[in-house]
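In: pasting the structure only:
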């Protein structure tokens, strides 16, 4: 088998990511059960995927993603694409099929025996069907389901899954949604669009979602632009989500810098005493160490200067820290008209944040949305929403950073006279649950709200 | 695509944000004026100020925010020539189709260009979008718009009925997006246009289930796999401030109310006995009086505690009590979009490298 030269594969226009499977990649495999798992593909190594079997990694290297394979012995054969089967309507019903009846004379031991002797999955299923007492009575739909269930159990096939940001997010959401702060693929896609993430853009991210946001932004930058992430640990964490993306390390290093909450403060000074450089006659090892230290210090200095220079296109936050404090720390560096997107698995922190931001004229139209997604099974004649679905995709707050002009709010006199007129007409625009003393307070608050919409609707 | 400079310049397209419902594009043309419900502005006054500025009107009638266009703002501001796609669908489709920097994409039809702007932003100058529109006037309008927005290099717009005549490229694109009344007629053409050696994807956007079913069987017949369908929506939440009233307040109110009623009763009794002493009572009038008294009482019982203002109950005490704590709460907005379209997705499996498919 030919292994294409790595250099060749990366010289393509979109060189940020190699489009074929390479040695060293962590590849997502979809197993017959439907679940996806990441496996490291290393040249000359053997990849073992449990019950399904094992194979030589070299067989995958150089292949495009998305193919389905069957393991026979240690060899892989590419399977033709699976298409949907039209199911014939018959008169069969389950009228005479009772639960708990003895229908399968084939014992577990016999099936194990067949598997061990290397009988193909389709032949085992065929044997089971032949022995099954009631199989012929089943409806065609039910037969189809039965076969699928057995295939998931015995088949020795798998597919490679392309590490798109959608697939990686979907994989993590199903595997451990807590670790990615319940960010569902649809929510992630909204975050990226709301933050206007584009090639060449500059972004600040606070990612406590195992690197999902960092990965997604890097993927969308595609090697062009700038990303500064701010974390609460000493040095940039190794993001588990990023492992699956198979980015080229050198390209990532070029566009991504990391600071922590201490080094992101403008008044931060390193806690180390200055070492005198006058000492001569150091060992080579010591010199290398000093160089390394100096490099790290330079990198940090550059990242800090870059952050403080500001004018970022957007700020993206998925963090457990107080979102208002994060904003107070970083809003300065967001450009005018830039986007602020805050994600939370809970509505309360965003509700509280929104109630504060609407009083701050630096934030235009802070709004909260919850994402809703429904998946359908679309088998011919059997189209319906899937039985199991995720309850919520989490919450987002989006706002636009603006520059206030306190002198520009002169609309108030005009508005208040209108309000008085409306009140005289007996029309109370204040919700019934609010007590009367709040009405006056609301009026005062409104005057400071940047969004004229609320003003005029109320007024 | 659009200015990335800090400050607004003459000739820039900006977004004028007046209210959430009133967002409009504006081409900065010094010499021209902007007149709206929120006052009168000169374009020339906006030149040189930073994007994101709040600007007061010249006649003191209000203010506007001048924003940098983004595809998301454009979707809210664009002139509608057709039904358009909104954020939730656009974002989800982009993600599923893996549209990113450098992607080659087909869209049909162009419509009002809401999706086109988002795709052009996401693929950048190294990517390409082939957009097809069968309505000639709409195609011309969109072409004009793309060129005005600096997208002419990224987007190739063709006036064509793709269901009849197919697309203009073969084996070229990573993703196809079909927003057509009869997408099934374009699926074979789409397959031709998609790349064969790397993963390729398709999305069909249809409002009706009947369309989905026909699309699914056409996709299946053309050899697409992993056919799946989604619906996605955004549920906007609105934030309110509530202050739960302490229950003790209700208890106090009720107690005072009862006391007041009792006081009144005693007062009435005192008055009627005084009347009895003053002039000799006639049995009839006494009965009438008694009846009237009872009706008054029952009417008073009907008065709910909410009708009695705090101040009346106890002016002294409520002043000394701390104000109830206000609590920000949210609920889903009562009027939300319930359905846009069904998103049918499928994948085209790349051809395997010939060297390895040999079976033992």
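Out: That came through, no problem. Computed from a prediction, not measured in an experiment: that's the story for all the values here.

In: and residue B:39, how many residues sit next to it?
Out: 22 (other C-beta atoms under 10 Å in any protein chain shown). Where C-beta positions appear, they are placed from N, C-alpha and C, glycine not excepted.

In: mind checking pLDDT for it?
Out: Here the pLDDT value assigned to residue B:39 is 93.

In: again with residue B:288
Out: 48.

In: tell me which helix or strand residue A:199 sits in.
Out: Using DSSP states H and E, residue A:199 sits in no helix or strand.

In: excluding chain neighbours, what is closest to it?
Out: Once flanking residues are discounted, residue A:199 sits nearest to residue B:124: 3.4 Å by C-beta to C-beta, 6 or more residues apart in numbering or on different chains.

In: how about the one you found, what does it touch?
Out: A:198, A:199, A:200, A:222, A:224, B:101, B:102, B:154 (C-beta atoms under 8 Å, 6 or more residues apart in numbering or on different chains).

In: for the fourth one, which non-adjacent residue is spatially closest?
Out: When the adjacent residues along the chain are set aside, residue A:222 lies closest to residue B:101, with 2.7 Å between them (C-beta to C-beta, 6+ apart).

In: please report phi then psi for that neighbour.
Out: Main-chain dihedrals, residue B:101, degrees, to the nearest 10: phi -50, psi 130.

In: check it and give its pLDDT.
Out: Note for residue B:101: predicted pLDDT of 95.

In: would you mark the buried spots in stretch A:327-342?
Out: Across stretch A:327-342, burial judged by 16 or more other C-beta atoms under 10 Å in any protein chain shown covers A:327, A:329-331, A:333-342.

In: what is the end-to-end distance of it?
Out: This stretch, stretch A:327-342, spans 10 Å end to end (C-alpha to C-alpha, to the nearest Å).

In: so it, near chain B or not?
Out: Yes - Stretch A:327-342 lies within reach of chain B by C-beta under 8 Å from any C-beta of the partner chain, at A:335, A:336, A:337, A:338, A:339.

In: can you say which two of those residues are spatially most distant?
Out: Greatest spacing in those, by C-beta to C-beta: A:336 and A:339 (11.3 Å).

In: need the residues that contact stretch A:200-208.
Out: A:181, A:195, A:197, A:213-214, A:217, A:221, A:224-232, A:239, A:307, A:311-321, A:326, A:330, A:333-334, B:124.

In: and with 7 Å instead?
Out: A:181, A:195, A:197, A:213-214, A:217, A:221, A:224-230, A:312-320, A:326, A:330, A:333, B:124 (C-beta atoms under 7 Å, 6 or more residues apart in numbering or on different chains).

In: now for residue B:120: which residues touch it?
Out: Residues near residue B:120 by C-beta under 7 Å, 6+ apart: B:1, B:129, B:151, B:154, B:155.

In: revised request: answer the last question for residue B:239.
Out: Residue B:239 touches A:351, A:354, A:355, A:368, B:328, B:330, counting by C-beta under 7 Å, 6+ apart.

In: for it, list each beta-bridge partner.
Out: Residue B:239 forms beta bridges with residue B:330, as assigned by DSSP bridges.

In: now do residue A:228
Out: residue A:204, residue A:257.

In: next, count neighbours for it.
Out: That count, for residue A:228 with other C-beta under 10 Å as the rule, works out to 21.

In: in this structure it contacts residue A:307, no?
Out: Yes - shown here, residue A:228 and residue A:307 form a contact pair, counting by C-beta atoms under 7 Å, at 5.5 Å.

In: reformat the buried residues of stretch A:327-342 as a markdown table; add secondary structure and pLDDT.
Out: Shown next, in a markdown table, are these (DSSP: H, G, I helix; E, B strand; the rest coil; pLDDT from 0 to 100):
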| residue | secondary structure | pLDDT |
| --- | --- | --- |
| A:327 | helix | 98 |
| A:329 | helix | 96 |
| A:330 | helix | 97 |
| A:331 | helix | 97 |
| A:333 | helix | 98 |
| A:334 | strand | 98 |
| A:335 | strand | 97 |
| A:336 | strand | 97 |
| A:337 | strand | 97 |
| A:338 | strand | 97 |
| A:339 | strand | 98 |
| A:340 | strand | 98 |
| A:341 | strand | 98 |
| A:342 | strand | 98 |
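
In: now, among those residues, which is nearest to residue B:223?
Out: residue A:341 (39.0 Å).

In: measure that closest one to chain B for me?
Out: Per C-beta to the nearest C-beta, to the nearest Å, residue A:341 is found 11 Å from chain B.

In: ok, that residue - contacts?
Out: Residues in contact with residue A:341 (C-beta under 7 Å, 6+ apart) are A:191, A:194, A:195, A:314, A:316, A:396, A:398.

In: strands paired with the strand or helix carrying residue A:367, and their directions?
Out: With elements taken from DSSP H and E, the one containing residue A:367 is strand A:363-379. Strands adjacent to strand A:363-379 in the sheet, as given by DSSP bridges, are strand A:382-385 (antiparallel), strand A:395-401 (antiparallel), strand B:225-242 (antiparallel).
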